[in-house]
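starting from these lines, generate the structure:
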Amino acid sequence: MNPFTYTKAQTAGDAVAAVLQAPGAMYLGGGTNLIDLMKDGVTIAPKLVDVSKLDLKKIEATESGGVRLGAEAKNTETANHELVRTQYPLLTQAILAGATMQIRNMATDGGNLLQRTRCPYFYDRATPCNKREPGTGCGAMEGLNRTHAIFGWSDQCIAVHPSDMCVALAALEAVVHVRGAENKLRTIKFEDFHRLPGNDPQKDNTLEPGELIEAIELPKSLFGKKSYYLKIRDRASYAFALVSVAAAIEMDGNNIKQARIAMGGVAHKPWRAYEAEKALAGKPATEESFTAAAEAEMKNAKPLAHNAYKVPMGKHAIVRALTMAAGA
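Below is the predicted model:
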């Protein structure tokens, strides 16, 4: 591990100022991903600014009927909070599907949004990786790409985003609250927070230099318990998704008024299945409707040499997740 300096921030404004003063400095929350990256030499941070003691841990209802999650709230606290369990069971399911209890007890909600890809070429410094070292190439493009993207990839990067929590947040249309230089506050729609690789795969998100995530806001839930998170992986636990689906539906009598669907394990960011959502509007909640929606979404997939299996897997996963959501 490379040497670094450490400071503990007393206020959010102080934290932002400290990071801006030291090029390459990074925030330290739970550290469950960052510390591993630093140990492996994948990430080099000359300075760590500890934000774990800031007053950003509250989980509370908003005046508009939604819920605000403090960025420093732990994943376990969030998953088990009464407001989340009762109003947003989709988020609880997604969080509990990820990692291990020990990691969830340490990992923060804000940090979950910022975790890096688990692409093996990104972690292996002996192989080229444009995300780790821009301009070196993508080793996965011609290498073993079984776990890689089928949507939104570029010739610069085919890595996928690893989070389960973020897939549910994408379906729930969350909003991210951040603080930047000179205490400037702004909000970012969740669909705009993470980015596709394009020509800059080293950039995972749209945060400006020094910006600190303070909270994640969930709008008032329209879906109640008619939601479901499905995660398909190589083994039953301690594994990242090959394909995952967060599905939520609002009914109008016997027909679907609207649906929200997001997928994990298929793109550089949580992937909103807009085509599937459009195909479901006004349709009955039947297997036939779900299958047509899955076909509409997956027809645009562009699989690689070793991950074509994700296309039929994605279709079946969408159908299964919608079926479970409709029956909840």
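
Lys203 contacts Arg195, doesn't it?
Yes. Counting by C-beta atoms under 8 Å, Lys203 touches Arg195, with 6.1 Å between them. (C-beta placed from N, C-alpha, C; glycine too.)

who's the nearest residue to Leu69 once chain neighbours are set aside bridged to?
Distances taken as C-beta to C-beta, 6 or more residues apart in numbering put Ile216 closest to Leu69, at 4.5 Å, once the chain neighbours are dropped. Beta-bridge pairing of Ile216 under DSSP bridges involves Leu69, Val176.

again with Arg260
Going by DSSP bridges, Arg260 forms beta bridges with Ala248.

surely it meets Ala247?
Yes. At 7.5 Å, Arg260 counts as touching Ala247 under the criterion of C-beta under 8 Å.

shared neighbours, the two?
Residues touching both Arg260 and Ala247 (C-beta atoms under 8 Å, 6 or more residues apart in numbering): Ala171.

between the two, who's got more neighbours?
Ala247 (35 against 25; other C-beta atoms under 10 Å).

and the residue nearest to that one when sequence neighbours are not counted, which helix or strand is it part of?
Distances taken as C-beta to C-beta, 6+ apart place Ala321 nearest to Ala247, at 3.9 Å, with adjacent residues excluded. Using DSSP states H and E, Ala321 sits in helix 310-327.

elements contacting that helix?
Packed against helix 310-327 by the contact rule (3 or more C-beta pairs under 8 Å, 6 or more residues apart in numbering; DSSP states H and E) you find strand 227-232, strand 243-252, strand 255-264, helix 287-298.

for Gly110, which of the ones you listed is the nearest?
strand 255-264 (18.6 Å; C-beta to C-beta).

redo the helices and strands packed on helix 310-327 as CSV? Include mean pLDDT and distance to Ser52.
Below are these laid out as CSV (pLDDT from 0 to 100; distance: least, C-beta to C-beta, whole Å):
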stretch, mean pLDDT, distance to Ser52
strand 227-232, 98, 28
strand 243-252, 98, 28
strand 255-264, 98, 27
helix 287-298, 98, 39
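
and the ones you listed: which comes nearest Ala17?
Short answer: strand 255-264, nearest of the helices and strands packed on helix 310-327 by C-beta to C-beta, at 34.8 Å.

give me the contact list for the helix or strand following the closest one.
Remark: after strand 255-264, the chain's next helix or strand is strand 271-272, criterion DSSP H and E. If you take C-beta under 8 Å, 6+ apart as the criterion, strand 271-272 is touched by Phe151, Gly152, Ala170, Ala171, Glu191, Ile261, Ala262, Met263, Gly264.

sheet partners, orientation included, of strand 271-272?
strand 255-264 (antiparallel).

returning to that earlier point: for the residue nearest to Ala247, give me its contacts.
Tyr228, Tyr229, Leu230, Val245, Ala246, Ala247, Ile261.

by neighbour count, which of those wins?
Ala247 (35 neighbours).

what's the spacing between it and His161?
Applying C-beta to C-beta, to the nearest Å, the value for Ala247 to His161 is 18 Å.

next one: Val51
Taking C-beta to C-beta, one finds Val51 at 22 Å from His161.

ranges for the helices of the chain?
Counting by DSSP state H, the chain has helices at residues 12-21, 34-39, 75-80, 82-87, 89-96, 101-106, 109-114, 120-123, 139-142, 165-171, 190-193, 274-280, 287-298, 310-327.

out of these, nearest to Thr5?
helix 12-21 (10.0 Å).

neighbouring contacts of the closest one?
7, 9, 25-27, 47, 49, 51, 54, 56, 179-181, 183, 209-212, 214.

buried ones among the residues you listed?
Among the contacts of helix 12-21, those scoring as buried are 7, 9, 25-27, 47, 49, 51, 54, 56, 179-180, 210-212, 214 (criterion: 16 or more other C-beta atoms under 10 Å).

among these, which one sits closest to Glu275?
Glu211 (31.8 Å).
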